[in-house]
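Enquirer: From the sequence below, what's the structure:
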Amino acid sequence: MSKAEVKRRADGTFKSSGNPDTQFKTGNNANPNGRKNSFTDLLREYSDTEVDNKTRRERLIERLWSLAETRMDLNAMKYIIDRVEGEPTRHIETNASIKVFDLDE
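Expert: Numbers count the residues shown, from 1 in each chain. Down below sits the predicted model:
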């Protein structure tokens, strides 16, 4: 079906399709836990494995601190500060104007 062949009623709303018994019900999230085995899940699982009695995550954090302390790596320092304190708020100035319409009139 092309975009020009969208099934709509005369009032412009979409026609329902398929079996109403199998369609999503209001308030029902069919995928509450998200997609499994996503890249993030795989990274989390890998980082929890142990090497030399430390998890990979612990070793990564130690390396990051080492870069910040011994080499004075500014990127490592910024990353640590942003993760601990949160990134600073960014203010954006604009000259855009907002028009408010009253739909009841």
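
Enquirer: Quick check, pLDDT for Ala76.
Expert: pLDDT, Ala76: 92.

Enquirer: Show me the helices in the chain, by range?
Expert: Ranges of helices in the chain, per DSSP state H, are 39-47, 56-70, 74-85.

Enquirer: Return the list of helices and strands in contact with the longest one.
Expert: The helices and strands touching helix 56-70, judged by 3 or more C-beta pairs under 8 Å, 6 or more residues apart in numbering; DSSP states H and E, are helix 39-47, helix 74-85. (Glycine included, C-beta is placed from N, CA and C.)

Enquirer: Just to check, Ile8 is in contact with Lys15?
Expert: Not quite, residue 8 is Arg, not Ile. Yes. Contact criterion C-beta atoms under 8 Å: Arg8 and Lys15 qualify, at 6.5 Å.

Enquirer: returning to that earlier point: quick one: the helices of the chain as JSON lines, columns for mean neighbour count and distance to Thr26 too.
Expert: JSON lines is the format used below for those (neighbours: other C-beta atoms under 10 Å; distance: least, C-beta to C-beta, whole Å):
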{"stretch": "helix 39-47", "mean neighbour count": "11", "distance to Thr26": "29"}
{"stretch": "helix 56-70", "mean neighbour count": "13", "distance to Thr26": "40"}
{"stretch": "helix 74-85", "mean neighbour count": "12", "distance to Thr26": "39"}
